[in-house]
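Student: please work out how this folds:
(2 chains)
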Amino acid sequence: AQSVTQLGSHVSVSEGALVLLRCNYSSSVPPYLFWYVQYPNQGLQLLLKYTTGATLVKGINGFEAEFKKSETSFHLTKPSAHMSDAAEYFCAVSDRSGSGTASKLTFGTGTRLQVTL
Amino acid sequence: KAGVTQTPRYLIKTRGQQVTLSCSPISGHRSVSWYQQTPGQGLQFLFEYFSETQRNKGNFPGRFSGRQFSNSRSEMNVSTLELGDSALYLCASSTPGQGYTEAFFGQGTRLTVV
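Tutor: As a prediction, the model looks like this:
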């Protein structure tokens, strides 16, 4: 069975500082990997994804993540935090077998990012 | 094009009642998945429907059920509501194919059981 571990339920950074949100996964084969963002009372918005190819993936709003198979990690980074980045971030995995759909996702417990002045 | 639409956005029900939530996927998407989000359990997969058939099911009691119509719209039903069913219920749509296909989420239905 797949699982996702997000280290740190709350992360606080100053505006302009580096954002680093950690995600480790457990899977028998390399899965599809995702980062989603959720603003209060909203659904989930896909930030970026790793499916195949280049292990450093760039997403929206200046975020990027690197797939490291040896470390089973997919940490999310952004060089300079902005106040508008304050939200909850979820790492998720989906297996590559079967239909190929990414609609059955296993999520981490989420990391709430706070950005301070 | 229009995104995933979930109705209603907010709902208050009494313990023991039943509730039906609706999800209209993005036009052309044939797969609909449902998730429950609670502070204690996080985001958990409920079930997935494709072409009116349930294809995957999460670990939830039989009180949780769903269906999908020929136009791909989906409903989920929870019977005999319990206080613990209070949650944000999210629907996602996608279109299965070769390789990876992205799931798009709706804004959710916030269910409060009192």
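Student: make it CA atoms for all contacts and neighbour counts henceforth
Tutor: Fine.
Student: closest point of chain A to chain B, which residue?
Tutor: Taking CA to the nearest CA, chain B has its nearest neighbour within chain A at residue A:43, 4.0 Å off.
Student: so that residue touches residue B:109, yeah?
Tutor: No: between residue A:43 and residue B:109 there is no contact under CA atoms under 8 Å: 9.3 Å.
Student: looking at the two, which one has more neighbours?
Tutor: Comparing residue A:43 with residue B:109 by neighbour count (other CA atoms under 10 Å in any protein chain shown), the higher total belongs to residue B:109, at 25 against 21.
Student: any shared contact partners between residue A:43 and residue B:109?
Tutor: residue B:90 (CA atoms under 8 Å, 6 or more residues apart in numbering or on different chains).
Student: show me what contacts the residue of chain A closest to chain B?
Tutor: B:90, B:105, B:106, B:107, B:108.
Student: how many neighbours does the nearest residue to it once chain neighbours are set aside have?
Tutor: Spatial nearest neighbour of residue A:43, chain neighbours left out: residue B:107 (4.0 Å); criterion: CA to CA, 6 or more residues apart in numbering or on different chains. For residue B:107, the count of nearby residues is 22 (other CA under 10 Å).
Student: residue A:38 too?
Tutor: 19.
Student: I'd assumed residue A:45 was in contact with it.
Tutor: Yes: contact criterion CA under 8 Å: residue A:38 and residue A:45 qualify, at 6.4 Å.
Student: direction included, what does the helix or strand of chain B with the lowest mean pLDDT pair against?
Tutor: Scoring the helices and strands of chain B by mean pLDDT, DSSP states H and E places strand B:53-57 at the bottom, with a mean of 90. If you go by DSSP bridges, strand B:53-57 pairs up with strand B:42-50 (antiparallel).
Student: brilliant, that's me finished.
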